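Enquirer: pasting the sequence and the predicted model now:
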Amino acid sequence: MNRVRIGFGFREQPTWKLLLGIPLIYLPLLTTVPFLILGVALARLHLRMVGGTEIRGYWDFVPSWISHRYRNADHISFQGGTGRWMILRSRYFWILNCKLYCPMSVALLAYASYLVKVVENWWCPFAHDRKETYAEGAIDMSFWHAYPRELPKLHPEDRDNPIWNEAASRAES
């Protein structure tokens, strides 16, 4: 597995880089979240308008608060360092990051990805080398499957793919 390397060089970074770099984590919230929310709303509206039902909701992607290892009362905080790391000593800083920022933002990205996969499976039931990763957004039938006269045009692997053909999925079982 390829890993991103961060921890091995973190402590060697100059203080000025860390002080400028760490707050940058919150800028994507301000710059992308409003557009993601708009995109999610439009994708859901689109799916509903073309007849979609049983579309998973955003909260299906947010982990249960009970699943978090640390509760507010016993949440860990950073105890090492001095001066530049004072905010990291705050339990509330970690609660904000671990209970809100991480699960809510990761869930929003996962939910947006799910909706795009559903839309893609509806309009484009054509296999490619990564299409199996769209299985999370499996649907009953694609646009092409909804029109039986169009089925002969589809390659057999596209016509009978269980990701966008529920009948093929039942036939496999």
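Expert: Yep, it's here.

Enquirer: CA only for contacts and neighbour counts going forward, please
Expert: Fine.

Enquirer: where does this protein dip in pLDDT?
Expert: Along the chain, segments meeting pLDDT under 70 span 66-89, 91, 173.

Enquirer: just the helices in it please.
Expert: Taking DSSP state H as the test, the helices found in the chain are 7-10, 15-21, 27-49, 91-95, 102-123, 156-159, 166-172.

Enquirer: so which of those is the most packed in?
Expert: helix 102-123 (a mean of 19; mean count of other C-alpha atoms under 10 Å).

Enquirer: what residue lies at the spatial centre of this protein?
Expert: Computing the C-alpha centroid of the chain and ranking residues by C-alpha atoms, centre = their mean puts Ala110 first, at 1.1 Å.

Enquirer: out of everything not next to it in sequence, what's closest to that one?
Expert: Nearest-residue entry for Ala110: Phe61, 6.9 Å, with adjacent residues in sequence omitted and distances by C-alpha to C-alpha, 6 or more residues apart in numbering.

Enquirer: so how far is Tyr147 from that neighbour?
Expert: Using C-alpha to C-alpha, to the nearest Å, Phe61 is found at 32 Å from Tyr147.

Enquirer: with neighbour numbers in mind, choose between the two.
Expert: Phe61 (17 against 10; other C-alpha atoms under 10 Å).

Enquirer: show me the contacts for the more buried one.
Expert: Ala107, Leu108, Ala110, Tyr111 (C-alpha atoms under 8 Å, 6 or more residues apart in numbering).

Enquirer: quick one: residues contacting the last one.
Expert: The reference is to Tyr111. Going by C-alpha under 8 Å, 6+ apart, the list of residues near Tyr111 reads Val40, Gly57, Tyr58, Phe61.

Enquirer: dump these into JSON lines; add distance to Lys131 as well.
Expert: Below are the contacts of Tyr111 laid out as JSON lines (distance: C-alpha to C-alpha, whole Å):
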{"residue": "Val40", "distance to Lys131": "21"}
{"residue": "Gly57", "distance to Lys131": "22"}
{"residue": "Tyr58", "distance to Lys131": "23"}
{"residue": "Phe61", "distance to Lys131": "21"}
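
Enquirer: among those, which pair sits farthest apart?
Expert: Greatest spatial distance in these: Val40 and Phe61, 13.1 Å, computed using C-alpha to C-alpha.

Enquirer: please tell me how far Glu20 sits from Gln13.
Expert: Actually, residue 20 is Leu. It isn't Glu. Look at Leu20 and Gln13: by C-alpha to C-alpha, they are 11 Å apart.
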